[in-house]
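A.B. asks: Sequence and computational prediction follow.
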Amino acid sequence: MFRLVAAVLLVVLSYFVMERAERFKPVPPAELTVPLFSYEKLLLSFPTFKGAAADAVYIYTSYLLGAEAVGKFSLSCKEWMRVVKNLEVATRLDPRFFDPYYMLGAYLPWKVKGCKGALEEINGALLRGEKFIDDWRIPFFIGFNYFYFQKERAKGAAVLKRAASMKGAPSYLKLLVPRLYAKSGRLELAVAATEEELKRVKDEKLRKELRRRLRALERMLLLQRAVDFYVSRFKTCPSSLEELVRKGILSSIPKDPYGGRFVIREGCRVWTTSNLRPVKDSSRR
């Protein structure tokens, strides 16, 4: 009953805060749908109700995004940047309020990926949030943004590795991080990360998957070193891995434990057709 009463009071207070906050937002140009809230003005207006002010800004922003999602209007990059900044204001008013961080990390990157500076703004807010909230999802969002949207693959993998080590992180992250290192061409780091996880992980099912991942990565590293030797000797990339056998650099091409086939892709980098995921049930060693 107490929590129900508290929730009702919070809604009423948030409405009151929103009513007052209307006076502290600048009047946007006619073509803009999204107002821009001022952290400083809200802070001065509600010094003892910062949490409620954060709720109000978040609720208002959620309403706008809901209306946009159902097609009531579309937003320009300038307006999307205002959405990002408003959620950032909410996190500054209440740094331990998780919902704005979640919206910034899970939803907005897909909307603002073509807007200059937006992803950097989002990552900045999430990085500040790490100081206040101990939740693996925040570094996960940061790492995903770096890796997927900003194409900073090694940097993204490093942040995702931090997320994977946090309490509550799903086990698949421990397998994902080495794969991302490998995909970015950092095979040595991929091998090292997998070996490190094997030392920490106790679950035998996950350990089995990590051992298979390690076998695949070690074989890819062997092949990559052979390719690099070929390039240093012949000043060109081999046409295929079989060329390494014909030149006597390797005696044979190792098998992919996932059931795929190791190949040379663009940039003279070794990869596998399995994408380091099981193609079929394979007990190959």
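C.D. replies: Arrived safely. Numbers count the residues shown, from 1 in each chain.
A.B. asks: contact partners of stretch 86-104?
C.D. replies: With Cβ atoms under 8 Å, 6 or more residues apart in numbering as the test, stretch 86-104 has contacts from 34-39, 42-43, 50-51, 53-55, 57-58, 60-62, 65, 84, 108, 121-122, 124-126, 128-129, 131-133, 135, 137-138, 141. Glycine gets a C-beta too; all of them are placed from N, C-alpha and C.
A.B. asks: Out of those residues, which end up buried?
C.D. replies: 34-35, 37-39, 42, 50-51, 53-55, 57-58, 60-61, 65, 84, 108, 121-122, 125-126, 128-129, 133, 135, 137-138, 141 (16 or more other Cβ atoms under 10 Å).
A.B. asks: Next up, the contacts around Leu214.
C.D. replies: Per Cβ under 8 Å, 6+ apart, neighbours of Leu214: 191, 194-195, 198.
A.B. asks: Just say helix, strand or coil for it.
C.D. replies: When classified by DSSP: H, G, I helix; E, B strand; the rest coil, Leu214 comes out as helix.
A.B. asks: Please report how far it lies from Gly124.
C.D. replies: 35 Å (Cβ to Cβ, to the nearest Å).
A.B. asks: tell me, how many neighbours does Arg246 end up with?
C.D. replies: 11 (other Cβ atoms under 10 Å).
A.B. asks: Could you check the pLDDT of it?
C.D. replies: With respect to pLDDT, Arg246 scores 95.
A.B. asks: same check, this time on the one 3 residues further on
C.D. replies: The pLDDT attached to Ile249 in the predicted structure is 96.
A.B. asks: Excluding chain neighbours, what is closest to it?
C.D. replies: Nearest residue to Ile249 in three dimensions, chain neighbours excluded: Ala226, at 5.1 Å (Cβ to Cβ, 6 or more residues apart in numbering).
A.B. asks: and that neighbour, that's in a helix?
C.D. replies: Yes: according to three-state DSSP, Ala226 belongs to a helix.
A.B. asks: State whether it and Leu250 are indeed in contact, as I suppose.
C.D. replies: Yes: shown here, Ala226 and Leu250 form a contact pair, counting by Cβ atoms under 8 Å, at 5.3 Å.
A.B. asks: nearest residue to Phe260 other than its sequence neighbours?
C.D. replies: In this structure residue 260 is Gly, not Phe. Closest to Gly260 by Cβ to Cβ, 6+ apart is Ser274, at 2.6 Å.
A.B. asks: Before we move on, what's the pLDDT of the one you found?
C.D. replies: 95.
A.B. asks: residues near the nearest residue to Gly117 once chain neighbours are set aside, how many?
C.D. replies: Nearest residue to Gly117 in three dimensions, chain neighbours excluded: Met81, at 7.3 Å (Cβ to Cβ, 6+ apart). When counting by other Cβ under 10 Å, one arrives at 19 neighbours for Met81.
A.B. asks: Which residues are in contact with Met81?
C.D. replies: Residues near Met81 by Cβ under 8 Å, 6+ apart: 112, 115, 117-118, 121.
A.B. asks: Assumed it was part of a strand.
C.D. replies: No: assignment of Met81 by three-state DSSP gives helix, placing it outside any strand.
A.B. asks: how close does it get to Leu108?
C.D. replies: Relative to Leu108, Met81 is positioned 10 Å away (Cβ to Cβ).
A.B. asks: and for the two, which residues touch both?
C.D. replies: Joint contacts of Met81 and Leu108 (Cβ under 8 Å, 6+ apart) are Ala118.
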